[in-house]
Structures are given as structure tokens and as C-alpha cells.
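fold the following.
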Amino acid sequence: MKLRFSLLAGGALLSIAANCPAQTAEIPTLSVISEALNGLATTEKNTLYIKVFSWTAKAEPLEIRVRATDWNGAQIAKTSQNVDFKGNNSVAVPVSLPQYGPYEITVGLFRPGTEKPLREEKTRLIRPIPVGKLDAKTRENSWIGVNTHFNAPWESLSKIGVHWARDYSWYWMTLDGAKTPPRSSNGVDFGPTWKNADAAGITILPTFSQAFYNADKTGWIEDAPAISGGYERLARAFPSVRFWEIDNETEYGFVTHKVDPAAYRRYIAAAAAGLRKAGTGARVALTGTPGIFPVDTAALLKPLDGAPDVKNDFDIVNYHYYTGTQPPETGTENTNLEGGFAQVPVSGG
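Residues are numbered from 1 along each chain as shown. Below you'll find the model as predicted:
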């Protein structure tokens with residue numbers, strides 16, 4: 001590129017000329033948004049909102065072609081719409097989803113009469129089979145649950161048949177010793193979270209992570225009244241919660257990657273005492289454990305010198321069934337296979 005400047009006296013710019021190569025015509029960009037919230041189409045008829053845009057591309061007739069296929073690649077539906085492109089066009093294109101199940105939607109931008117797309121975008125939609133909402137009691141017996149975090153899409157999860165959720169975000173309420181529920185230490189109010197999930201037909205299992213840890217993250221604090229008081233406040237703030245999962249993969253939360261069996265029992269006992277004092281009927285769910293180690297639970301049913309008896313302090317044990325692989329958080333240990341790389345159960349020290 002060569003530039004030529006002409007200057008007036010005093011340095012003022014009078015003109016500028018550039019010896020530049022001619023700019024080639026730009027292909028417009030293509031963006032696709034579906035009216036289906038979170039990709040869940042609840043009816044056969046759906047609309048795609050498609051934008052064709054460019055600052056520099058020439059005005060010309062274009063064609064948008066939409067194709068819906070199932071996940072095996074079989075074409076289920078197709079449609080097209082002409083666009084008199086003039087730099088910035090937005091069009092609404094109807095697409096039919098006549099059967100239940102997943103779809104891949106391919107949107108192509110073509111010049112009329114051609115077969116090679118100028119642009120192509122893909123998105124996925126699911127038309128779920130309609131399911132009814134279960135009452136809270138029935139949901140407790142359901143096997144269909146997911147892991148969630150704050151502001152999960154409860155209505156969308158309900159539409160695909162989810163009945164309960166392990167919500168990790170609730171641990172925020174324990175970072176200050178659970179002193180201000182339903183608000184967490186950062187001011188977030190979890191009252192609406194519970195109400196929105198329940199209205200969608202989903203029961204939340206509050207799941208904590210690093211709750212009531214000591215400053216060194218080598219174990220839990222030894223202040224039993226503080227732990228009990230925290231769980232009592234939590235239960236009173238959320239009287240509809242049936243179970244509180246008191247930690248998550250403790251082995252990887254502690255810097256030692258080990259859990260002291262006696263300290264674990266003291267934590268369980270303190271949490272259970274607080275829930276009983278609240279009088280809501282809430283019970284302890286034991287910390288999610290990476291791998292399938294029934295030996296850990298069996299050990300809790302037996303006496304241990306110097307530690308409280310906790311066999312009546314919990315109702316649920318959460319095992320993380322990493323089938324023949326490693327926990328995704330670490331990717332360093334095979335938790336379910338025997339051999340040199342197998343993880344030692346926490347009850348072993």
C-alpha cells in the first residue's frame with residue numbers, strides 16, 4: 001500500500017490518497033436464532049430468525065435454504081426463502097418438526113440456482129415428548145436428575161423430564177458459616193431459586209462443596225456448635241428441603257486428598273444435630289464420593305473409637321459412578337479399577 005499526503009503550511013492535512021488494491025466483494029455473514037427456548041421445541045411449528053449482514057457485500061438476490069435432519073442424517077423437513085439482500089436483512093423462516101426427538105438444523109445462504117452455499121450455519125433442536133409434572137413426594141422416588149448451578153433453566157429441564165437436581169450453587173450459603181440464609185455471603189437470595197425449581201416440578205438437593213472447611217483445607221472445622229447452628233438455620237430458611245448433601249467429593253476438596261474417618265463422623269453428627277433441632281424433618285445426604293466404594297458407608301455403620309455413632313444420622317449416600325474412568329475434575333486417577341492407579345477408599349486413610 002502506498003500513501004501520498006499533501007500538507008498545507010503549518011502542517012494541516014489537505015488531502016490523502018491511497019494506492020490500494022481493489023477490495024473483493026465480501027460474503028455476508030449468517031446468524032441463526034431459534035424461537036425455541038434452550039433449543040426445546042414444544043410444538044411442530046417453529047420459527048428460525050435468520051440475519052444476513054455485511055457492511056461491504058454487494059446488494060443482490062439471495063436464497064436461504066433450511067434443512068432439518070434427524071441424528072442419523074435422514075432429512076425430515078426442508079424449506080427455503082428468497083432474500084433481496086441490501087446489506088442487513090432479517091427474516092423469519094418457519095420450520096416444521098413433525099416428529100419427537102432431536103434435530104440438526106442446517107441453514108445455508110445461496111445464490112439462486114446454485115448448489116454450493118456461500119455460508120452455512122448449524123444448530124440443534126429437540127422436540128421432547130410431553131411429560132407431566134410430578135408432585136414433590138413422587139419426585140423423591142424418581143431416578144431422573146441432573147447436576148445444576150445457579151439460575152439453571154428449570155422450565156426447560158422440566159420439559160425433558162427432569163425431576164430433581166443436585167444444585168452446587170447452594171454451597172455459597174455456607175461460606176460464612178451459613179449465618180444469613182436464605183441469602184448467601186455474597187448477597188444472593190436462594191429463596192427464588194427453590195420456588196422457581198419447585199414451580200417447574202423439580203426438587204433441589206442442595207449440594208455443598210468445601211462447606212465448613214478449616215482454613216488449611218485439611219479437614220472440617222472442629223466447632224460442632226457452629227456446624228449445627230449453620231444447618232439449623234439452613235433448614236429453618238428452607239423448610240421444604242428434605243435432604244442436604246453435606247459435601248461433594250471431599251477427597252478432592254482437601255489438599256491432602258484424604259479424609260479422617262473420625263473427623264468425618266463428627267461433621268456428620270453435627271450436621272444431623274442441627275437439622276433435627278430445626279424440626280423440619282430434613283435429613284443428611286452423605287458427600288458425593290468419586291468411585292464406587294461401599295466399604296466407606298459400611299464403615300460408618302460400625303463403632304469407631306473416639307468418634308460419634310452416626311449410623312442413624314444419614315439417609316442417602318451419593319456415589320459418583322465414573323464407570324471405569326477417572327473423575328473429570330482431575331483426570332489423573334482411575335477410581336473404579338484395581339491396580340496401581342486405583343484410588344484408595346477414604347476409609348482406608
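
just the helices in the stretch 1-150 of the chain please.
Here the stretch 1-150 of the chain has its helices, by DSSP state H, counting those that start in this stretch, at 136-139.

where does the prediction get shaky in it?
Scanning the stretch 1-150 of the chain for pLDDT under 70 picks out 1-25.

can you give the contact residues for the host helix or strand of P225?
Taking DSSP states H and E as the definition, P225 sits inside helix 224-237. Helix 224-237 is contacted from outside by 173-174, 177-179, 181-182, 191, 206, 212, 220-221, 241, 244, 266-267, 269-275, 277-278, 280, 282, using C-beta atoms under 8 Å, 6 or more residues apart in numbering. C-beta here means a position set from N, CA and C on the backbone, and glycine is covered the same way.

in the stretch 201-349 of the chain, mark out all the strands, start to finish.
203-206, 243-245, 283-290, 314-320 (DSSP state E, counting those that start in this stretch).

same list (those strands) but as JSON lines, adding distance to L304 and mean pLDDT.
Formatted as JSON lines, the strands of the stretch 201-349 of the chain follow (distance: least, C-beta to C-beta, whole Å; pLDDT from 0 to 100):
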{"stretch": "strand 203-206", "distance to L304": "27", "mean pLDDT": "96"}
{"stretch": "strand 243-245", "distance to L304": "22", "mean pLDDT": "96"}
{"stretch": "strand 283-290", "distance to L304": "15", "mean pLDDT": "83"}
{"stretch": "strand 314-320", "distance to L304": "15", "mean pLDDT": "85"}
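
make JSON lines out of those strands and add mean neighbour count and distance to T79.
Conversion of the strands of the stretch 201-349 of the chain to JSON lines gives the following (neighbours: other C-beta atoms under 10 Å; distance: least, C-beta to C-beta, whole Å):
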{"stretch": "strand 203-206", "mean neighbour count": "24", "distance to T79": "41"}
{"stretch": "strand 243-245", "mean neighbour count": "23", "distance to T79": "48"}
{"stretch": "strand 283-290", "mean neighbour count": "23", "distance to T79": "46"}
{"stretch": "strand 314-320", "mean neighbour count": "16", "distance to T79": "45"}
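
distance to S228 added to those strands, as CSV?
Formatted as CSV, these follow (distance: least, C-beta to C-beta, whole Å):
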stretch, distance to S228
strand 203-206, 17
strand 243-245, 13
strand 283-290, 12
strand 314-320, 15
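
out of these, flag the one nearest K195.
Shortest distance between K195 and the strands of the stretch 201-349 of the chain, using C-beta to C-beta, is found for strand 203-206: 10.3 Å.

roughly how far is that closest one from the heart of the chain?
Its chain's C-alpha centre and that of strand 203-206 lie 14 Å apart, by C-alpha atoms, centre = their mean, to the nearest Å.

partners of that strand in the sheet?
With DSSP bridges as the test, strand 203-206 is paired with strand 164-167 (parallel).

how far does the strand it pairs with sit from its chain's centre?
Centroid separation for strand 164-167 versus its chain: 10 Å, with C-alpha atoms, centre = their mean.

just the CA trace of it, in PDB.
Presented in PDB, the C-alpha positions along strand 164-167 are these (Å, rounded to 0.1, in the frame of the first residue of the first chain):
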ATOM      1  CA  TRP A 164     -34.600 -33.400  40.700                       C
ATOM      2  CA  ALA A 165     -31.300 -31.500  40.700                       C
ATOM      3  CA  ARG A 166     -28.100 -31.500  42.700                       C
ATOM      4  CA  ASP A 167     -27.500 -27.800  42.800                       C
END
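
so which bits of it are buried?
W164, A165, R166, D167 (16 or more other C-beta atoms under 10 Å).

number of nearby residues for the closest residue to L301 other than its chain neighbours?
Spatial nearest neighbour of L301, excluding adjacent residues (C-beta to C-beta, 6 or more residues apart in numbering): K311 at 4.7 Å. Counted with other C-beta atoms under 10 Å, residues neighbouring K311 total 11.
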